[in-house]
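1. fold the stuff below for me.
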Amino acid sequence: MTASPTLFGILNVTADSFSDGGKYLEADAALAHARALMAQGADVIDLGAASSHPDSADVGAAEEISRLARIVPQLVAADIPVSIDSFEPDVQLWALGQGVAYLNDIQGFPHSEIYPALASASAKLVIMHGVQGRGRARRQDVPADQIWDRIFNFFDDRLDGLAASGIARERLVLDPGMGFFLGTDPEVSLEVLRHVGRLEARYDLPVLISVSRKSFLRAMTGRDVADIGPATLAAEMFAAAAGAGYIRTHAPGALKDALAVSAALQPKTR
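-> Predicted structure coming up:
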């Protein structure tokens with residue numbers, strides 16, 4: 001196994017996230033959970049204030065910022081690395097002003113009007129591919145044998161645009177998408193995860209994988225969100241072994257422990 005990946009601990013400050021909607025909407029609960037995720041082994045808190053699954057409701061940039069403003073300054077002041085999970089350009093610009101470490105965009109930063117601001121900032125950018133194009137995930141069928149062409153075409157185009165705007169390549173992280181962001185058929189997510197090393201080989205950039213509690217794992221196993229932890233951990237360990245540089249997870253403690261045991265079991269070099 002390669003070096004341990006950077007772990008993004010998922011914190012949803014939302015009313016309708018598929019796995020924990022409403023649990024951390026209040027600032028005190030969100031801050032307590034952020035501290036708990038860091039104690040479990042998260043390296044970064046990935047903070048989202050609007051859900052992106054197919055059945056989620058529109059929130060709007062102003063409400064996202066209102067939710068985040070109760071939490072982000074305190075996390076940044078405590079030297080906790082923060083990633084903001086939002087596809088709203090106004091939220092992204094606000095977050096840059098707060099000194100966050102990452103922006104994480106499920107649309108992969110399509111808004112060229114903010115590229116000058118992105119270029120002048122230092123935050124790393126997680127560029128996610130999604131078959132929905134713009135907006136939240138949608139239920140749509142995508143043949144597994146077409147998905148890699150879609151992914152490569154997307155990143156070829158987006159990386160060219162970001163580079164032309166002066167955004168430093170070393171600030172970029174690639175996310176191929178998973179679950180509904182790849183299609184309704186679990187095999188599409190499996191196909192991408194199975195060959196995820198193709199991304200780093202093609203672009204020489206680190207890759208983030210986010211399989212935690214995703215729909216394709218629930219469909220495969222017949223488990224609900226409360227019982228999908230073992231399947232999530234298996235997929236995350238596969239991603240780590242395949243060289244993922246970042247893993248976004250609801251359970252950094254379990255993943256951290258599993259990575260430590262796996263590393264201890266590797267043959268000793270002489």
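2. elements contacting the top strand by length along the chain?
-> Counting residues, the longest strand in the chain under DSSP state E turns out to be strand 6-12. When contacts are defined as 3 or more CB pairs under 8 Å, 6 or more residues apart in numbering; DSSP states H and E, strand 6-12 packs onto helix 27-40, strand 44-48, strand 246-249, helix 252-264. C-beta coordinates here come from the backbone N, C-alpha and C atoms, glycine included.
3. state the mean pLDDT of the first one.
-> pLDDT averaged over helix 27-40 equals 96, rounded to a whole number.
4. quick revisit: and the helices and strands packed on strand 6-12, which is most packed in?
-> strand 246-249 (a mean of 26; mean count of other CB atoms under 10 Å).
5. could you give the separation of it from the chain centroid?
-> Its chain's C-alpha centre and that of strand 246-249 lie 6 Å apart, by CA atoms, centre = their mean, to the nearest Å.
6. please save the CA atoms from the longest strand of the chain in PDB.
-> Output of strand 6-12 as PDB, limited to C-alpha atoms (Å, rounded to 0.1, in the frame of the first residue of the first chain):
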ATOM      1  CA  THR A   6      -5.300  12.500   3.600                       C
ATOM      2  CA  LEU A   7      -8.700  12.000   5.300                       C
ATOM      3  CA  PHE A   8     -11.600  14.400   4.800                       C
ATOM      4  CA  GLY A   9     -14.100  14.100   7.700                       C
ATOM      5  CA  ILE A  10     -17.600  14.800   6.400                       C
ATOM      6  CA  LEU A  11     -19.600  17.400   8.300                       C
ATOM      7  CA  ASN A  12     -23.000  18.200   6.900                       C
END
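7. mind listing the strands it pairs with, and their directions?
-> strand 44-48 (parallel), strand 246-249 (parallel) (DSSP bridges).
8. just to revisit the earlier point, among the helices and strands packed on strand 6-12, which is nearest E191?
-> Closest of the helices and strands packed on strand 6-12 to E191 is strand 246-249, at 18.7 Å (criterion: CB to CB).
9. any idea how far G9 lies from L75?
-> According to CB to CB, to the nearest Å, G9 stands 11 Å off from L75.
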